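Visitor: this one's sequence-less:
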């Protein structure tokens, strides 16, 4: 005999429906919780990915900087750079002599005192006068008459020394044959060597010598040589030729750094040939207050 199935009573139907609803709610809650967890995990991965990208970007940037730095070092010449940071070999001529002449020449001026004169150059010295913008160094014997008579001097400057301004002698040191002049125009300054010159250093003298036979001044005339001897850290003997009119001009090394002020020159069968520059450190004897 087949068992007869009885339909559920209304009370049982409510119970079953409530159970189904409860299960559905649990399922929804579970799915929502799972979705939240997934969202949290994904968000964490995104943040981590962004951080990783940032780290990668920083590393790539640093790597690129190193590459550029290395490329810059390789592109820089071993010598011939007039920069204070140059690694030029001071015992050899610079690779780019033309550039050195041009840069050093910007600091060189022509000093005119009455019927005479010589050479001067700008150095990194703070002017004393209110309107002064540059301080020039020269030899005392170039401006001695103007200093003693209180006469102003004329300074010729510019690329072709075609511009003029008045100069005032503010300090003089006859004993060491040096003088300081202030002008109201800005002239590029030379950097001074931090060490004394040594025998064998390559040198360049630059100045405005007078060719008496032709009656012309050879503006920014250059001559090259080597330091033959340094006497008492005062006299720099060089084979770079000095002529009349070179007095007061700079003697520089292969980096374009000032090592001396061209002061004396003599030549003859008996005396020999001597070209001497007073070391720039001598400026500190009577003219400047310098750090020890």
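Guide: Perfect, thanks for sending it. Predicted model, so just to flag it, every value in this text is computed and none were measured.
Visitor: Residue 202 against residue 100, yeah?
Guide: No - Residue 202 lies out of contact with residue 100 (C-beta atoms under 8 Å); the separation is 10.4 Å. (C-beta placed from N, C-alpha, C; glycine too.)
Visitor: give me the number of residues near the residue nearest to residue 273 when sequence neighbours are not counted?
Guide: Spatially, and ignoring its direct neighbours in sequence, residue 273 is nearest to residue 267 (4.5 Å; C-beta to C-beta, 6 or more residues apart in numbering). Residues near residue 267, counting by other C-beta atoms under 10 Å, number 12.
Visitor: Let's verify residue 228: helix, strand, or coil?
Guide: Under the three-state scheme (DSSP: H, G, I helix; E, B strand; the rest coil), residue 228 adopts strand.
Visitor: quick one: contacts for it?
Guide: Taking C-beta atoms under 8 Å, 6 or more residues apart in numbering as the criterion, residue 228 is in contact with 199, 237-239.
Visitor: again, only this time at 10 Å
Guide: Neighbour list for residue 228: 199-201, 203, 236-239, 274-275 [criterion: C-beta atoms under 10 Å, 6 or more residues apart in numbering].
Visitor: Mind pulling up the pLDDT for it?
Guide: Looking at residue 228, its pLDDT stands at 96.
Visitor: And for the one 10 residues further on?
Guide: Among the per-residue scores, residue 238 shows a pLDDT of 96.
Visitor: I'd say it and residue 203 touch.
Guide: Yes - judged on C-beta atoms under 10 Å, residue 238 makes contact with residue 203 at a distance of 4.9 Å.
Visitor: other SSEs contacting the particular helix or strand that has residue 100 in it?
Guide: Using DSSP states H and E, the element containing residue 100 is helix 97-105. Secondary-structure packing of helix 97-105 (3 or more C-beta pairs under 10 Å, 6 or more residues apart in numbering; DSSP states H and E): strand 202-207, strand 221-231, strand 250-252.
Visitor: and the next element down the chain from the shortest one?
Guide: If you walk from strand 250-252 toward the C-terminus, the next helix or strand you reach (DSSP H and E) is strand 258-266.
Visitor: Next: the second one.
Guide: Toward the C-terminal end, the helix or strand that comes next after strand 221-231 (DSSP H and E) is strand 235-238.
Visitor: and what of the first one?
Guide: Following strand 202-207 in sequence order, the next helix or strand is strand 210-211 (DSSP H and E).
Visitor: which secondary structure elements does that following strand contact?
Guide: Packed against strand 210-211 by the contact rule (3+ C-beta pairs under 10 Å, 6+ apart) you find strand 116-123, strand 216-217.
Visitor: Quick one: work out the angle between the longest one and strand 258-266.
Guide: Which is strand 116-123. If you take axes from the mean of the first three to the mean of the last three C-alpha atoms, to 10 degrees, strand 116-123 sits at 160 degrees to strand 258-266.
Visitor: still on that earlier bit, what is the mean pLDDT for the helix or strand following the helix holding residue 100?
Guide: Under the assignment DSSP H and E, the closest C-terminal helix or strand after helix 97-105 is strand 108-113. Averaging pLDDT along strand 108-113 gives 96.
Visitor: Given strand 108-113, what are its sheet partners and their directions?
Guide: Strand pairing for strand 108-113, determined by DSSP bridges: strand 116-123 (antiparallel), strand 153-157 (antiparallel).
Visitor: hey, what's in contact with both of residue 202 and residue 100?
Guide: When C-beta under 10 Å, 6+ apart defines a contact, the residues bordering residue 202 and residue 100 alike are 79, 88, 93-94, 252-255.
Visitor: Distance of the closest residue to residue 211 other than its chain neighbours relative to residue 237?
Guide: Nearest non-adjacent residue to residue 211, counting by C-beta to C-beta, 6+ apart: residue 218, 6.0 Å away. Residue 218 is 23 Å from residue 237, where distance means C-beta to C-beta, to the nearest Å.
Visitor: do the same with residue 115
Guide: 30 Å.
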